[in-house]
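*Asks:* Sequence first, predicted model second:
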Amino acid sequence: MVGPEKLIAAGVIRRSATEDFDLRGVWDIMARYEQRGHSVPLELFVTSTTAAEVRTPILGWDTFHEGRVRTHFLCGSHDSILDSPQIEELAAIMLAGLHDALHETRVDLP
């Protein structure tokens with residue numbers, strides 16, 4: 001994180017109303033994206049705001065990712081999930097996913 005983003009994240013300054021998340025820009029980029037994903041399981045976090053706007057549970061990741069996509073729905077917006085109490089829920093889900101991955105993944109060392 002650099003510049004104003006660091007100050008916004010620290011709560012020193014606020015993002016102006018005209019700087020909202022550019023969902024249309026994201027979709028434009030995704031429409032041009034051609035690289036195929038890998039097959040490693042993907043943990044996808046979808047906010048209630050995004051789900052309402054996009055109306056598809058995995059936000060188009062099925063067109064890019066070749067592996068399993070596990071979707072987690074969280075209340076709030078893209079920015080508010082990093083605030084309490086959503087951050088605690090997000091952290092718990094992420095830790096559970098890492099724990100599952102540790103037990104699902106087997107690596108043979110030489």
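*Replies:* Happy to help now that I have it. Residues are numbered from 1 along each chain as shown.
*Asks:* List the contacts of the residue positioned nearest the centre of the chain.
*Replies:* Ranked by distance to the mean C-alpha position of the chain (C-alpha atoms, centre = their mean), the top residue is residue 45 at 4.5 Å. Taking C-beta atoms under 8 Å, 6 or more residues apart in numbering as the definition of contact, the neighbours of residue 45 are 72, 74, 81, 90, 93. No exception for glycine: its C-beta is placed from N, CA and C like everyone else's.
*Asks:* again with residue 25
*Replies:* Applying C-beta under 8 Å, 6+ apart, one finds that residue 25 lies in contact with no residue.
*Asks:* now residue 101
*Replies:* The contact partners of residue 101, by C-beta under 8 Å, 6+ apart, come to residue 41.
*Asks:* Now restrict the contacts of residue 45 to buried residues only.
*Replies:* Neighbour counting with 16 or more other C-beta atoms under 10 Å marks 74, 81, 90 as buried within the contacts of residue 45.
*Asks:* Hmm, residue 48 and the first one touching each other?
*Replies:* This means residue 74. Yes - under the criterion of C-beta atoms under 8 Å, residue 74 lies in contact with residue 48, with a separation of 7.1 Å.
*Asks:* which one's the longest helix in this structure?
*Replies:* As far as residue count goes, and with DSSP state H defining each element, the longest helix of the chain is helix 86-104.
*Asks:* would you put the C-alpha positions of that helix in CSV?
*Replies:* What follows is the C-alpha trace of helix 86-104 in CSV, where atoms were taken according to Å, rounded to 0.1, in the frame of the first residue of the first chain:
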residue,chain,number,x,y,z
GLN,A,86,-16.5,-8.5,9.8
ILE,A,87,-12.7,-8.7,10.1
GLU,A,88,-13.0,-11.3,12.9
GLU,A,89,-15.3,-13.4,10.7
LEU,A,90,-13.0,-13.0,7.7
ALA,A,91,-10.0,-14.0,9.8
ALA,A,92,-11.7,-17.1,11.2
ILE,A,93,-12.7,-18.3,7.7
MET,A,94,-9.2,-17.6,6.3
LEU,A,95,-7.6,-19.6,9.2
ALA,A,96,-10.0,-22.5,8.7
GLY,A,97,-9.2,-22.5,5.0
LEU,A,98,-5.5,-22.5,5.7
HIS,A,99,-6.0,-25.4,8.2
ASP,A,100,-8.0,-27.4,5.6
ALA,A,101,-5.4,-26.7,2.9
LEU,A,102,-2.6,-27.9,5.2
HIS,A,103,-4.4,-31.2,5.7
GLU,A,104,-5.5,-31.6,2.1
